[in-house]
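S.K.: Need a 3D model of the following:
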Amino acid sequence: MFKHTTKSITTLLRSYHPPPLPPRVLSSSTAPTTQSRPKSSLPPRPKPPPDSEIEESYLKGSGPGGQKINKTCSAVQLIHLPTGLVVKSQATRSRSQNRTIARRLLADKIDALRNGDESRAAVVGLRKKKRADSAAKKSRRKYRKLREEEELQEQQQSSSTSDADAQKKTIAPLHCTSLPV
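M.R.: Numbers count the residues shown, from 1 in each chain. Next up is the predicted model:
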């Protein structure tokens, strides 16, 4: 019916400009708040300290990995001069990756030292602990409910068998009695 080529459709789409949207008016209820961060978000990742505060050295690795790890200086040790914190990383075979990892670890340790319970690591650990506690509580609740249901079924079975036994005992003497002669 319509004969449009790809080129003509593309030029039509490029030439189309949607009408501008009206400016948005912010009411007092939709205005942004002045809080530093929402309750659900984590504190920002700590920044590594400046190079002037760090003493960096490269060491030979140790542990599993064979002879090669014992011969190369790919492990990184950082000492934070103001606090005296020492961090060592030999997670990878690459010196540059170990350096990055060590700087991140040092930043986390300094953050924990300065901020205590408000540090990112502490907040993350607290969240993980709450999640694990919640899962354990849910598991206890589930198995307690199952155990109670089993006990209830056992009680019902034992009461139904004891009722049947009681009926047999009351009926049995009637059949066994002999008439006086």
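
S.K.: contacts and neighbour counts: CA atoms only from here.
M.R.: Will do.

S.K.: what's T72 in contact with, if anything?
M.R.: 59-61 (Cα atoms under 8 Å, 6 or more residues apart in numbering).

S.K.: go on, S119?
M.R.: Contact analysis of S119 by Cα under 8 Å, 6+ apart lists 43, 111-112.

S.K.: returning to that earlier point: select from the contacts of T72 the one having the most neighbours.
M.R.: Tallying neighbours with other Cα atoms under 10 Å puts G61 at the head of the contacts of T72, with 21 neighbours.

S.K.: these two touch, right, V76 and R95?
M.R.: Yes: counting by Cα atoms under 8 Å, V76 touches R95, with 7.0 Å between them.

S.K.: Which of the two has more residues huddled nearby?
M.R.: Ranked by neighbour count (other Cα under 10 Å), V76 and R95 place V76 first, with 26 against 19.

S.K.: which residue packs closest to that one, ignoring adjacent ones?
M.R.: Y58 (4.7 Å; Cα to Cα, 6 or more residues apart in numbering).

S.K.: How is the one you found classified with respect to secondary structure?
M.R.: Secondary structure, DSSP: H, G, I helix; E, B strand; the rest coil: Y58 is strand.

S.K.: Then the one 5 residues further on?
M.R.: G63 carries the three-state label coil when classified by three-state DSSP.

S.K.: give the contact list for Q90.
M.R.: 61, 74-76, 98.

S.K.: elements contacting the longest helix along the chain?
M.R.: Assignment by DSSP state H gives helix 120-176 as the longest helix of the chain. On a contact count with 3 or more Cα pairs under 8 Å, 6 or more residues apart in numbering; DSSP states H and E, helix 120-176 meets helix 95-115.

S.K.: okay, the helix it packs on in CSV with CA atoms only?
M.R.: The C-alpha coordinates for helix 95-115 follow below in CSV (Å, rounded to 0.1, in the frame of the first residue of the first chain):
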residue,chain,number,x,y,z
ARG,A,95,52.1,-6.9,41.4
SER,A,96,49.8,-4.1,40.1
GLN,A,97,46.6,-6.0,41.1
ASN,A,98,48.1,-6.8,44.5
ARG,A,99,48.9,-3.1,44.9
THR,A,100,45.3,-2.1,44.1
ILE,A,101,43.9,-4.8,46.5
ALA,A,102,46.3,-3.7,49.3
ARG,A,103,45.3,0.0,48.9
ARG,A,104,41.6,-1.0,49.1
LEU,A,105,42.3,-3.1,52.2
LEU,A,106,44.2,-0.2,53.8
ALA,A,107,41.4,2.3,53.1
ASP,A,108,38.9,-0.1,54.7
LYS,A,109,41.1,-0.5,57.8
ILE,A,110,41.5,3.2,58.1
ASP,A,111,37.8,3.8,57.7
ALA,A,112,37.1,1.2,60.4
LEU,A,113,39.6,2.8,62.7
ARG,A,114,38.2,6.3,62.2
ASN,A,115,34.5,5.6,62.0
